[in-house]
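Student: Could you work out the structure for the sequence below:
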Amino acid sequence: MKNQSNIGLDNFIRKSPLAIVIANGEGIIEEINPMAEDMFGFKASELIGKPIEILMPKSSRKKHIEHRAKYITQPYTRPMGIGLDLMGRKKNGELFPIEIGLSHTRQGDNIQIISYISDITTRKQSDQNLLKQLENEKNVSHHELAMAHQVQTSFLPTDIPSIPGLSVSVKWLPAREVGGDFYDIIQRPNGNCDLVIADVTGKGIPAALFMASACTALRALLNGTASLEEGISRTNQLVSQDSKQGLYVTLFVARINSKTGEVSYVNGGHNPPFHYSRNKTQFSTLTKTGKALGIETQSIYQQGVVHLDPHDFIVLYTDGVTEAIDTQGQEFGVERLQQVITNRRDATPEELVTIISEAVQDFVSPAPLPDDTTIMVARRE
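Tutor: So this is what the prediction gives:
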């Protein structure tokens, strides 16, 4: 007569929501519960006395016998086949995905291995459906980003205008398909040239859309106002009205008279560009003359002036250059940027933007650039 503990164990095995298969140390099935009968399509009488490998694909049986032999030497409770795709085999030969947990009991030299088996067909199908959905969404997202990239690049100059007495070159490297950096080179009928570099807070599509709105307003207002201060002030008013997500834009605009070398500029919270004087062999910085656009509607902008002698140049850049971080957590920084420029101060503007961009990319390597990076160099000939 069974004692109460054995009766309780029998009830647990019989009523368990998991399929339970009990085998001895030789892998011979000694007991199964009703859930196992339903799951595998066998009656208990058809399985008891048979090797447990009968419930597995034929391709897995030999390897399972080897694993079972190792388990017998040092049995312990554990999930089985972590990281593997385990399959069960029904009486009709149908294979289905399963998860298995193992435990054991021992009386003297006799050991029983208890397998707790779950049919995970529904979960696997759900996982596959989710992966397919994510893949479809990913493809849509890539398409949308590609379209956004095309729209954004359409706002950038396709060609650098030929400006007598002035050489200009620029390199634009977005960290993603779309970014928040912007630049412009606008040739004026009177021979002047406007150089623009800007950086919108944030990344991705929101920053790109905000940048597109800001640069459209800037171009229109620089053309329609008498001075840089007025053009930037009116642009700020429009940008502030559109800045509903807390976005703002730092901006530097330089109006260069290539005949006289006079440079008028407004720096709206942007990284101060460098003016390199060939005669003095030293740098000066074109510091901020107002706040970033989009912060305060009534911000005031002042105009600064600097003079370019022949072979002097100015270097404009976004914070993706100086704030680039290497694997040790160090920033590229202003001093390192100035040193790169000093070492190659005789290079052409085209060569210099390449030299700077390569220096930054080598600095962060093997990581990709973490932020949008734009570099512009203008030299008076």
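Student: residues near Gly224, how many?
Tutor: Per other C-beta atoms under 10 Å, the neighbour tally for Gly224 reads 10. Where C-beta positions appear, they are placed from N, C-alpha and C, glycine not excepted.
Student: Give the residue spans of this structure that score low on pLDDT.
Tutor: 1-12, 75-84, 136-154, 176-179, 202-205, 242-245 (pLDDT under 70).
Student: Between the two ends of stretch 316-334, how far is it?
Tutor: End-to-end distance for stretch 316-334, by C-alpha to C-alpha, to the nearest Å: 12 Å.
Student: Any chance you could list what contacts it?
Tutor: Residues from elsewhere that reach stretch 316-334, judged by C-beta atoms under 8 Å, 6 or more residues apart in numbering: 173, 175, 181, 183, 195, 197, 199, 252, 254, 270-271, 273, 337, 356, 359-360, 363-364, 366-367, 369-378.
Student: Stretch 13-20 now?
Tutor: 22, 31-36, 38-40, 114-119.
Student: buried subset of those residues?
Tutor: 22, 31-33, 35-36, 39-40, 114-119 (16 or more other C-beta atoms under 10 Å).
Student: Mind checking which of those land in strands?
Tutor: In strands, defined here by DSSP state E, the members of the buried ones among the contacts of stretch 13-20 are 22, 31-32, 114-119.
Student: Please identify which pair of the residues you listed lies farthest apart.
Tutor: The span of those, defined through C-beta to C-beta, is set by Glu31 and Asp119 at 19.3 Å.
Student: what's the domain layout of this protein?
Tutor: 4-122, 145-380 (automatic domain parsing).
Student: Check the offset of the longest one from the chain's centre.
Tutor: For domain 145-380, the gap between its own C-alpha mean and the chain's C-alpha mean amounts to 24 Å (C-alpha atoms, centre = their mean, to the nearest Å).
Student: for Arg68, phi and psi?
Tutor: Main-chain torsions, Arg68, degrees, to the nearest 10: phi -60, psi -40.
Student: Let me know the distance separating the residue lying closest to Glu350 once chain neighbours are set aside from Ala378.
Tutor: With sequence-adjacent residues excluded and distances taken as C-beta to C-beta, 6 or more residues apart in numbering, Glu350 is closest to Ser169, at 4.1 Å. From Ser169 across to Ala378, the span is 8 Å (C-beta to C-beta, to the nearest Å).
Student: Compare those two (neighbour count), which wins?
Tutor: Ala378 (25 against 18).
Student: hang on, that one is in a helix, isn't it?
Tutor: No - Ala378 is assigned strand when assessed by DSSP: H, G, I helix; E, B strand; the rest coil, not a helix.
Student: Quickly note the distance from it to Met211.
Tutor: Ala378 sits 21 Å away from Met211, going by C-beta to C-beta.
Student: Kindly report the same for Asp119.
Tutor: Taken as C-beta to C-beta, the span from Asp119 to Met211 is 53 Å.
Student: With Asp85 instead?
Tutor: 47 Å.
Student: Kindly report the same for Glu135.
Tutor: Distance of Glu135 to Met211, given as C-beta to C-beta: 30 Å.
Student: and the longest strand belonging to the chain, how far from the chain's centre?
Tutor: When the chain is parsed with DSSP E, its longest strand is strand 95-107. Taking C-alpha atoms, centre = their mean, the mean C-alpha location of strand 95-107 is offset from the chain mean by 41 Å.
Student: Remind me what it packs against, helices and strands.
Tutor: strand 78-80, strand 87-89, strand 110-119, helix 121-154 (3 or more C-beta pairs under 8 Å, 6 or more residues apart in numbering; DSSP states H and E).
Student: For it, which strands pair with it and how are they oriented?
Tutor: Strand 95-107 has the following strand partners under DSSP bridges: strand 78-80 (antiparallel), strand 87-89 (antiparallel), strand 110-119 (antiparallel).
Student: Include distance to Gln330 when you put the ones you listed into TSV, please.
Tutor: Converted to TSV, those look like this (distance: least, C-beta to C-beta, whole Å):
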stretch	distance to Gln330
strand 78-80	44
strand 87-89	52
strand 110-119	51
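Student: Which among the ones you listed is found nearest to Asp309?
Tutor: strand 78-80 (75.8 Å).
Student: residue ranges of the helices in the stretch 201-350 of the chain, please?
Tutor: 204-224, 228-242, 319-322, 333-343, 349-364 (DSSP state H, counting those that start in this stretch).
Student: give me every residue that touches the residue nearest to Lys58 when sequence neighbours are not counted.
Tutor: Counting by C-beta to C-beta, 6+ apart, Arg89 is the residue found nearest to Lys58 once chain neighbours are left out, at 7.9 Å. Neighbour list for Arg89: 40, 54-58, 95 [criterion: C-beta under 8 Å, 6+ apart].
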